[in-house]
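> model the structure of this input:
(2 chains)
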Amino acid sequence: MGRTRRNYKHAAPNGALKRMKLLRELLFPLIAVICAFIVGGIVVLLIGDSPFETYRLLIGSAFSWPDGIGYTLFYATPLIFTGLAVAVAFRCGLLNIGAEGQLYIAAFATAWVGIKLGGVIIKNPVTGQIVNSPIAHLPGVILLPLCCLVAVGVGAIWGAIPGLLKAKFGSHEVINTIMLNFIAVALVSYFTQYHYKIPGDAILQSAPISSGAHIARLGKIIPGLPQRIPLNLAFVFAIIACILVYIFLWKTKWGYEIRATGQNPSAAEYGGISIRKQIILAMAISGGLAGMVGINEVLGYRYRYYDGFSDNYGFTGIAVALLGRNHPAGVFVAALLFAVLQRGGVPVDAFTQHVSKDIVQILQALVILFVAAEAMFRGPLKKFGFMRSAKV
Amino acid sequence: MIELRNITKRFGEVLANDGVNIKVTPGTIHAIVGENGAGKSTAMRIAYGFYTADSGEILVNDRKCEIRTPHDAIAQGIGMVHQHFMLIEPITVAENIVLGAEPGSAFSLDLKQAAIEIRKLSDEFKLAVDPNATIDTLSVGQQQRVELLKALYRRAQLLILDEPTAVLTPQEVEEFFTILRGMREQGKTIVIITHKLSEVLAISDNVTVMRDGRVVGDLKTKETNAAELARLMVGREVLLRVEKPEAKTGAVVLGVQNLSIAGRDKSARVDKMSFEVRAGEIVGVAGVEGNGQTELIEALAGLIPGSHVSGSIAFEGKDITRLDARKRKELGIAHVPEDRHRRGLLLDFSLAENTILGVHYRKPAVTGVGSIMLDQAGIQSRAAQVIRDFDVRPPNPELPVRSLSGGNQQKLIIGREFGLPPKLLLVSQPTRGVDIGAIEFIHRKIVAMRDAGCAVLLVSAELEEVTALSDRLLVIHNGKIVGEVDPKVVTNEEIGLMMTGGHA
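The predicted structure follows:
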């Protein structure tokens, strides 16, 4: 060997190679978003409003200070968590449709700890009768970290169940995560209704948690940001989670094993990696990340468990992961985009003639459709030399 | 029949075909040989209309014609059989064959007439295919003949066959060649793309040799030989024979006693096998594929669940029957798997990441407290070592392994496994789909491992490969060892008889 000359496809040096790869990674999501906005614009036009005005309202409102930015980042927080959750599972070759159930059960468990270990006594406001008495009254320094840990831990356990079922019995995680969603939702509703609600409360929500378990709103730290905006420390946790997930997946041996399993389970097995362990581990991490939504919701926003709080965060997380190409940085950006749309829905509803905030859902759906239709763009892009050439 | 004139085709930066001229005489079998990536498939795909040439022209029966799609090619009487069959499993042979050229009117499908016609063709060319059988009941060899029928049914006069023997057993290859000779007698023209020189010499009338996108030789098969063809293909002298000194055997490294392995259907895939492999020797396993080789190697590597394995496996005298794959690798058992894409590689991972598969959890791949963090420097230096010692090309550790040629992917796996370093080497089909130049290289490395005192168990479907490399040769049939022969004195016929269940 050695004297044959070949024309290599990748004669480019490493730096250029990486840049090209990055460009390709960014290209399709970007095209998908642009196409979604074009088609969405046509929809707006057909309804009878100006697309430009609608988009100005939609996007403009997200960037006003402080309300626009504050709320956008607040909306983005749960989507970052669920997007990461779906992405981690996907890197292991698993589709976690159960983030919704995982975040519900975790949020409830968080509130439970905040109530039962936070010394909260639930009384009937009319009779003064004690309905539910606490187990302990822990100080904030212990209670708050404990609440956070419970959010992650309970989400992880709920996520690990379908992982375990898959590893042990080979039952498909999609079916099991969907079923566990129903179980989680029913379970937490039941407990809220019959054990942790203040009697007579018309809203299906738990009693408030101990104030020791509240986490700071960012308004406390950032000047000019009023504290009424619920953006809280959970957003900072979300950023940290992005970084940690990146390090975990690409810089540790465990991440290597998870990614290897997702890429080719047979080869992973050959490399001495236990596929079963990876499946359980990935699902547990995925569930734990989804569970962190509970921190944002319970400890940073409502300070209680509020039944049905999730605006389909678990399912939107699938879209976020898809658009973000299952990469933490991509997930972060995609979550921001979806949050911008969510925030913009309100002024669109209020200030346009015909278009309702449902346009947001239409746009989200279109983004997903176009992301999924990646192959549609491959052909034309290849013509212009954007894509790697075919195999010789 | 067909002539490619000055065909040039570029894929991005790669010049796949560079002024290619190929002329195929009617009524002959014309072989096109070259290493992977030499441009032989590209040239033929242009002839079949899969790709359009950037420049140059195609002549069919001395008339210039435009072939832009496979449809145009079929209209010109050109048919192509691909390496990977394009058949739909649950439906019948006849339905598969008429697909895309359905007889009858727009509202009715006349399958009966088609079946009659297919049977006639099948008889004429001695293909022995039942038009009413469903594809999933057919063997690989029979499926290939269905592909041939597909082309014949469309009245192809010229058949282009892309690596047709890659999927066949030695017996099937012989049958297949008889069919091809029969077709030539009936006046068909055949182009066969291959990189196996023995086949070129056995079947073709003329041969075109390609290298780096160019035609480097146009020869009459009768007037050439394997050495000359190999030299043209690789561009330098190639040693086709394996040269190895006498084996200096040491202690028993692998001892297998009464090993039985059950398949998914609980039937015995390996049936009470007992043998041993000593340090410093290569023990070959010859057999028709599917007679237990895959299961044997996977069981020795620890990849088959313990519940399916009975008997005992000892490594350096210690029982390892219940150890998992990782523990066995730690003891010094390396494994070159038979299917590199399914088992051996993470195709979308980089070359560097693939060089640590299996050792990714220990030094030098990891660093720091608890050996959790991957050590980029350690991984890079290991990758650089594999790339250098095993001549992996292109030598860029950041490339996804998918973009490497088959030969380079295989060298990467071999480099990774040989670098463990192992005391026992399980090697399965080490040169499948690999260029001649790389084959020579891989063979030399295997012999070098033996000479360094490693015990080697080698499985290959290439009879020539196992006989040339092995010091001792076990012949297996139906999951049983039917005999041990001395590869220096045994003939292919004798082995062939044993492999098929006869007696030597």
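
> so whichever residue of the stretch 151-300 of chain A sits closest to chain B, which of the three states?
Closest residue of the stretch 151-300 of chain A to chain B, Cβ to the nearest Cβ: A:Gly272 (3.0 Å). (Glycine included, C-beta is placed from N, CA and C.) Secondary structure for A:Gly272, judged by DSSP: H, G, I helix; E, B strand; the rest coil, is coil.

> for residue 23, the count of nearby residues, please.
Answering for chain A, as no chain was given. For A:Leu23, the count of nearby residues is 11 (other Cβ atoms under 10 Å in any protein chain shown).

> um, chain B though
The local packing of B:Lys23 (other Cβ under 10 Å) involves 14 other residues.

> I figured it hits B:Glu3, correct?
Yes: counting by Cβ atoms under 8 Å, B:Glu3 is a contact partner of B:Lys23 at 4.6 Å.

> B:Val207: helix or strand, and which one exactly?
Counting by DSSP states H and E, the element that carries B:Val207 is strand B:206-211.

> do B:Ile160 as well
strand B:158-162.

> show me what the helix or strand following that strand is packed against.
Going down the chain from strand B:158-162, the next helix or strand is helix B:170-185, by DSSP H and E. Here helix B:170-185 touches strand B:29-33, helix B:140-153, strand B:189-194, helix B:197-203, going by 3 or more Cβ pairs under 8 Å, 6 or more residues apart in numbering or on different chains; DSSP states H and E.

> check which element follows the first one along the chain.
Think strand B:29-33. helix B:40-47.

> could you check the angle that following helix makes with strand B:158-162?
Angle, helix B:40-47 to strand B:158-162, by axes from the mean of the first three to the mean of the last three Cα atoms, to 10 degrees: 150 degrees.

> so what strands line up beside the helix or strand just after helix B:40-47?
Later in the chain than helix B:40-47, the nearest helix or strand by DSSP H and E is strand B:55-60. According to DSSP bridges, strand B:55-60 has the following sheet partners: strand B:2-11 (antiparallel), strand B:63-65 (antiparallel).

> quick one: the helices in the stretch 251-392 of chain A?
With DSSP state H, counting those that start in this stretch as the criterion, the stretch 251-392 of chain A has helices at A:253-263, A:265-270, A:275-291, A:293-294, A:313-323, A:328-351, A:358-372, A:374-383.

> dump these to a markdown table, plus mean pLDDT.
A markdown table is the format used below for these (pLDDT from 0 to 100):
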| stretch | mean pLDDT |
| --- | --- |
| helix A:253-263 | 97 |
| helix A:265-270 | 96 |
| helix A:275-291 | 98 |
| helix A:293-294 | 98 |
| helix A:313-323 | 95 |
| helix A:328-351 | 92 |
| helix A:358-372 | 89 |
| helix A:374-383 | 67 |
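
> any idea which of those helices is most buried?
Comparing these by mean neighbour count (mean count of other Cβ atoms under 10 Å in any protein chain shown), helix A:293-294 ranks first with a mean of 32.

> elements contacting that helix?
For helix A:293-294, the packing partners by 3+ Cβ pairs under 8 Å, 6+ apart come out as helix A:67-91, helix A:99-116, helix A:140-169.

> rewinding a little: what's the neighbour count on the residue of the stretch 151-300 of chain A closest to chain B?
Using other Cβ under 10 Å, A:Gly272 has 22 other residues around it.

> quick one: residues contacting it.
A:Gly272 is in contact with B:Asp324, B:Ala325, B:Arg326, B:Lys327, B:Lys329, B:Gly358, counting by Cβ atoms under 8 Å, 6 or more residues apart in numbering or on different chains.

> so where does the third one fall, helix or strand?
Following DSSP H and E, one finds B:Arg326 within helix B:325-331.

> what about the residue nearest to B:Leu239 when sequence neighbours are not counted, which helix or strand?
Once flanking residues are discounted, B:Leu239 sits nearest to B:Glu440: 5.6 Å by Cβ to Cβ, 6 or more residues apart in numbering or on different chains. In this structure, B:Glu440 sits in helix B:436-451 according to DSSP H and E.

> and B:Asn21, by the same measure?
Assigning secondary structure by DSSP H and E places B:Asn21 in strand B:14-24.

> so where's the chain uncertain?
Using chain A. Within chain A, the stretches with pLDDT under 70 are A:1-17, A:375, A:378-392.

> my bad, chain B
Under the criterion pLDDT under 70, the flagged ranges of chain B are B:502-504.

> contact partners for the nearest residue to A:Gly219 once chain neighbours are set aside?
Using Cβ to Cβ, 6+ apart and skipping the chain neighbours, the partner closest in space to A:Gly219 is A:Gln227 (3.7 Å). Listed by Cβ under 8 Å, 6+ apart, the contact set of A:Gln227 reads A:Arg217, A:Gly219, A:Lys220.

> are we agreed that the second one is in a helix?
Yes: applying three-state DSSP, one finds A:Gly219 inside a helix.

> all strands for the stretch 401-504 of chain B, in order.
Taking DSSP state E, counting those that start in this stretch, the strands of the stretch 401-504 of chain B run over residues B:424-428, B:455-459, B:472-477, B:480-485.

> helices and strands around the first one, which ones?
It refers to strand B:424-428. With contacts defined as 3+ Cβ pairs under 8 Å, 6+ apart, strand B:424-428 has these neighbours: helix B:293-301, strand B:333-336, helix B:436-451, strand B:455-459.

> with mean neighbour count as extra columns, can I get these in JSON lines?
As requested, those are exported to JSON lines (neighbours: other Cβ atoms under 10 Å in any protein chain shown):
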{"stretch": "helix B:293-301", "mean neighbour count": "23"}
{"stretch": "strand B:333-336", "mean neighbour count": "26"}
{"stretch": "helix B:436-451", "mean neighbour count": "20"}
{"stretch": "strand B:455-459", "mean neighbour count": "27"}
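
> nearest to B:Ile58, out of these?
helix B:436-451 (29.1 Å; Cβ to Cβ).

> kindly reformat the strands paired with strand B:55-60 as CSV containing mean neighbour count.
Shown next, in CSV, are the strands paired with strand B:55-60 (neighbours: other Cβ under 10 Å):
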stretch, mean neighbour count
strand B:2-11, 19
strand B:63-65, 11
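
> that older thread, near chain A at all, the strand holding B:Asn21?
Yes: under the criterion of Cβ under 8 Å from any Cβ of the partner chain, strand B:14-24 makes contact with chain A via B:Val14, B:Leu15, B:Ala16.

> skipping its backbone neighbours, what lies nearest A:Ala160 in space?
Spatial nearest neighbour of A:Ala160, excluding adjacent residues (Cβ to Cβ, 6+ apart): A:Ala284 at 4.0 Å.

> what is the end-to-end distance of stretch B:263-274?
Using Cα to Cα, to the nearest Å, one end of stretch B:263-274 lies 19 Å from the other.

> ok, stretch B:331-342 next?
End-to-end span of stretch B:331-342 (Cα to Cα): 24 Å.

> do stretch B:274-285 as well
Start-to-end span of stretch B:274-285 (Cα to Cα) is 13 Å.

> that stretch: which residues count as buried?
Neighbour-count burial for stretch B:274-285, counted by 16 or more other Cβ atoms under 10 Å in any protein chain shown, picks out B:Phe275, B:Val277, B:Arg278, B:Ala279, B:Gly280, B:Glu281, B:Ile282, B:Val283, B:Gly284, B:Val285.

> quick check, the last one in contact with B:Leu458.
Yes: with contact defined as Cβ under 8 Å, B:Val285 counts as touching B:Leu458 (6.8 Å).
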